[in-house]
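> Provide a 3D model corresponding to the input given below.
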Amino acid sequence: MDSQVAVKKTKLNLKKEVLKYLRYWYWILLSIVVFFIGAKIYLRYATPQYLSKTTLQFPQTNTKGNIPLTDLATLGNGLSEDSELQGETTAILAKPILSKVVGSLNLNVGFFGVGAIKENELYTSSPLVGKILSISDAHFSSVSYVVTYTGNNTYQLSEGPLLKGKGVFHLGEVAELPFGKITLNLRAGRKSFEAVKVVFKSTNNVVSYLEKSVTVVLPPNKGLLMELSLIGAVPGKSEDILNAITAQYKIEGVKDRSLEAQNTQDFINGRLEIISNDLSGIEGTKENFKRTNEITDLDAQATMALTNSNDNLKQLITYSTQLDLVNSIYDLSNTDKLLPSNMGLTSATETYIARYNDMLLTRNKTLKQATNQNPSIIILNKDISEIRGLIRQNLMESKTTLQLQIAQLQGQLNADRSRIYKYPTQEKIFRGIERQQNLKEQLYLYLLQKREENAITLAVTAPKAKILNPAYTIGIVKPDRQQIVLGGLLVGLLLPLVIIFAKNASDTKVHTREQVQAHIANATVIAEIPANDDDELALLKPNDFTVFAESFRILTSNLKFLLRSKEKTKTGGVILITSSIKGEGKTTIAMNTAITLAGSSRVLIIGADIRNPQLHRFVKENKKGLTDYLISDDTLPDSYIVSSGYSDHLDVLFSGAIAPNPNDLLDMQKFDEMILALKKNYDYIILDSAPVMLVSDTLHLMKNSDVILYVIKSNYTDNKMLDFAEEFQISHEVENISFVLNNVLPEDSRYGNKYGYGYYSTPEKSKGFSSILKRK
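Below you'll find the model as predicted:
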C-alpha cells in the first residue's frame, strides 16, 4: 500500500498539467494578438537601419631594403607583413582623418523632419543647408532646435537654448547662439520650407560617433583586403562617409610616403649647390693658371713620371669623396631631419639610417595625435636617440678608417713628388688644381645620380591602397522584421504561461483530490463538492438536479457504503463532520448531506459546535438546544428537537446556549446515553462539530461516531492543513475517517469541465485570471 501511495505522489498527469494552461486559452490568444499588434506597430514606426560597405586592397612587396633603381614597380608602395595591415585598421580611423571627413561632408549639421512619433533625417533632401562658423563654448557637444520659416527671408529657432531676446534670424546671415556662430540658408531652388529640426554637433562628438560606428575588419584568407562597414538610417550618408574616409586615407598615405623622399631631395639639392660653386672656382683657377704659364698638355709631358702616382691618386680621390660624404651626413645627424639613404655607406650604417628614418616618421605621425608626454612618444624618442648614437658611431669609425687610408696614400704621393722634383713648380700646382676638380666632379655626378633616383620615388603618387569596391548599401539590417514578429508572438505566448506558472507555483492552497491523496497516506476522498456561487447558503432545493445536488447524492451513496461495511451498523449510523479550521464549509456539507439522506431515511442533525454554532443560518433557530438538554434534568431530548422545515424526515437539535465548558458537556455520560436513545428513532445522526485544529471538543464525539467526514475546502485550505489532518489521523488512531473536498472548481475536479456529464446542467465556464487571483 505504501508503494502505491509513493507512486501517486510522484506520478505526473501530463494531460492535467497541460489543461491547467489551456483553460486560459483565450487570455493566451489575447496576449499573442496584443504582442503581435505591438510588434507591427513597432515595425511601422521604427527607423530602418541600412548596412553600407566598402573594400580596400593593399599591394604587397617583397623587396627588403631600398636598392636604387632595382624595382621601380614597387618603389615606395605596398606592405611587407600582415602585422602592418593590422596596424592600418587603426590608422584608417585616426582622429585627424575622421576630423577631415567631418569637415568635408559638413557632418556637424543635420536636418530632420518633424513628425508626431518619429523623426527622419533628411540629409540631401533637406530644404536648408547649415554650417557652424565658430564654437565659443569649449564644452559644447550637441544641441537641437526646431526651425520655422517666418516669411520675409527669416526663420525662428525654438525648443533649444537661445541668447536673451534673440530667436528670429535672417537666412544666409550669421546667427549667434549660446555655443557659437552658425549660418542657415535655403537650398538652391527652394523659396520656403516647413518646420524642420536641426542638430548641431561638435567635431569631437561626430568623430567619437564614427569611431564607434565604423567597423573595420580583415577578411580571412582573402589576401591583403580591408572591409569598412557602417550602419545608418540614411544609406546615401553612410556611403558618403565611407567613401570620404577611404579617400582621405589615401591622401594621408601618399603624404607620409612622400615626406622621406622630399627631405632626401632637399639634402641633395643643398649639397649640389655647394659643390657647383666649388667646381666653378676650381675651373677658373685652372684656366688662369694655364693661361699664365702657357701650359697646353701636362699629361703628355709627365706620362712616364706620373704612371705610378696615378693609381694612388685615384684611390685618394675615392677615399676623399667618401670622407666628404661621411662628414656631411655626420653633421646632419645632429638634427631631427631625415638622413639620406643609399649613399654608398657600409651596409650596417645604411640599415641603421633606414630604421632611423622609419622611427622618425612614426614619431612625427604620432605627435599629430599625442603630446611629448605620451608614453609612446617617450619610448620612440629613446629608441631614436639610441639608433642616432649607433649611426654617429659607425660614421666616426668610417671617418677614421678613411682618414688613415688617405694619410697612407698622401704619403705615397709625397714620395712620388720627391721623385719628380725635376718637373716645374707649375706642374705641381696644375696637378693640385686638377685633383681638386676631379674630386668635386665625381661627388657632383654622384649626387646627380642620387637626385634622379629620389625624384622617381617622389614622383610615385600611387595611393597606399586601392578601392576595390566603392561604398555600396546591402539593405536593411535593423530592425529584423521576421525576428521582431516572431519575438512578439513568442513573448505573447510565454508571458501568460509564465504568469500562470508563477501563480500556480506560489499557490499553497489545496485544489484537487490528487493533492489530498498525495499529502495524506491512504486518504479516502469520497466526494468532490463543486463550487456553488449562485446561492449564498448553497443549500439543496426540492427536485434539484444540478451538479451541486448530484455531488451530494454521490457523497451519501459512498457514505452508506462505508456504514454498511461496519458489522455493528448494518443500517444507518452516526456521522461526525469536522474540518481543520473555520470557514471550510463543514456546516453546509452537514446540512446538505442531511437533506439528501432525508429523502429515504429519518435523519437528525445535531449542532455539536457549541462554541460557534452555525445551523441557525439554515434553519429557524430554537432558543433551546444541546447544551440546555445536557445541563437539564430531562432524560430524553425530544422536547429540544425541532423540525427542519425542509423535509418531514429531517429534524434538528441546535447547539443551544453557548456554554463556558463545552469540553465537559460533550464528555458527559448523558451525551453518550442521548446518542444511544436517538439511534432508536433515527436512521442517521449527523454531528456538526467544531474544527479540530482550533479546539478539542470534537475529540469527545469520535467515540460515538461510526464515520468521520473531514471537510477540506478547495482554493481555501492551505497545504499545511493536510499535514495536520494526517497527523490528526495518525496520532488519534482514527480508522473510520474519510475526506470530502468542498468548493471544487470544474477545472480542478477529476472530471474537469465535463463535471455533470451533461444530463442536468452545462459545464461551468472558467473564471479566467480571476480564478487565479482568487487562489492567491
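> Every contact and neighbour count from this point should use C-alpha atoms.
Noted.
> Got phi/psi on residue 469?
The phi/psi pair for residue 469 (degrees, to the nearest 10) reads phi -130, psi 110.
> Look at the nearest residue to it once chain neighbours are set aside and tell me its secondary structure.
Nearest residue to residue 469, sequence neighbours excluded (CA to CA, 6 or more residues apart in numbering): residue 55, at 5.0 Å. Assigned with DSSP: H, G, I helix; E, B strand; the rest coil, residue 55 falls in the strand class.
> Pairing partners for residue 55 in the sheet, please.
In this structure, residue 55 bridges to residue 227, residue 469 when assessed by DSSP bridges.
> Numbering from 454 from now on, please.
From this message on, residue numbering opens at 454, which makes the last subject residue 508.
> Residue 677 is in contact with that one, correct?
No: using CA atoms under 8 Å, residue 508 makes no contact with residue 677, being 10.5 Å away.
> more crowded one of those two?
residue 508 (23 against 20; other CA atoms under 10 Å).
> From residue 1137, how far off is that one?
According to CA to CA, to the nearest Å, residue 508 stands 97 Å off from residue 1137.
> what does residue 944 give?
58 Å.
> what does residue 828 give?
Applying CA to CA, one obtains 102 Å for the distance of residue 828 from residue 1137.
> Name the residue in the two with the higher neighbour count.
residue 1137 (23 against 11).
> Thought residue 1052 was touching the more buried one, still the case?
No: taking CA under 8 Å as the definition, residue 1137 is not a contact partner of residue 1052, at 11.8 Å.
> If you count contacts, what does the longest helix along the chain end up packed against?
In the chain, taking DSSP state H as the definition, the longest helix is helix 688-746. The contact analysis (3 or more CA pairs under 8 Å, 6 or more residues apart in numbering; DSSP states H and E) places helix 688-746 against strand 502-510, helix 548-558, strand 678-685, helix 800-820, helix 878-912, strand 919-931.
> So what's the model's average confidence on the first one?
Averaged across strand 502-510, the pLDDT comes to 90.
> same thing with the third one?
Averaged over strand 678-685, pLDDT sits at 90.
> Can you list the neighbours in contact with that strand?
Contact with strand 678-685 is made by 502-511, 542, 666-672, 691, 695, as judged by CA atoms under 8 Å, 6 or more residues apart in numbering.
> redo that, cut-off 6 Å
502-510, 667-671 (CA atoms under 6 Å, 6 or more residues apart in numbering).
> Could you identify the pair within these that is furthest apart?
502 and 510 (26.9 Å; CA to CA).
> which ones are touching residue 502?
By CA under 6 Å, 6+ apart, the neighbours of residue 502 are 685-686, 929-931.
> Quick one: buried ones out of those?
With burial judged by 16 or more other CA atoms under 10 Å, the buried subset of the contacts of residue 502 is 685-686, 929, 931.
> got CSV for the residues you listed, with distance to residue 764 too?
Below are these laid out as CSV (distance: CA to CA, whole Å):
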residue, distance to residue 764
685, 76
686, 79
929, 81
931, 82
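> between these, which is closest to residue 488?
The closest of those, once distances to residue 488 are taken by CA to CA, is residue 931, at 19.0 Å.
> Could I get the pLDDT score of that closest one?
The model reports residue 931 with a pLDDT of 83.
> Kindly provide the whole-number mean pLDDT of the longest helix of the chain.
Computed over helix 688-746, the average pLDDT equals 81.
> Can you check what angle separates it from helix 548-558?
110 degrees (axes from the mean of the first three to the mean of the last three CA atoms, to 10 degrees).
> Also compute the angle for helix 688-746 relative to strand 678-685, please.
Using the same axes, to 10 degrees, helix 688-746 lies at 140 degrees relative to strand 678-685.
> CA atoms only for stretch 1166-1178, dumped as PDB, please.
Extracted C-alpha coordinates of stretch 1166-1178, given in PDB (Å, rounded to 0.1, in the frame of the first residue of the first chain):
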ATOM      1  CA  LYS A1166     -12.200  23.400   1.200                       C
ATOM      2  CA  SER A1167     -10.600  23.700  -2.300                       C
ATOM      3  CA  ASN A1168      -9.000  27.000  -3.000                       C
ATOM      4  CA  TYR A1169      -9.100  27.800   0.700                       C
ATOM      5  CA  THR A1170      -7.400  25.200   2.800                       C
ATOM      6  CA  ASP A1171      -3.600  25.500   2.900                       C
ATOM      7  CA  ASN A1172      -1.400  22.500   2.100                       C
ATOM      8  CA  LYS A1173       0.000  22.700   5.600                       C
ATOM      9  CA  MET A1174      -3.500  21.800   6.900                       C
ATOM     10  CA  LEU A1175      -3.300  18.500   5.100                       C
ATOM     11  CA  ASP A1176      -0.200  17.700   7.100                       C
ATOM     12  CA  PHE A1177      -2.200  18.500  10.200                       C
ATOM     13  CA  ALA A1178      -5.000  16.200   9.100                       C
END
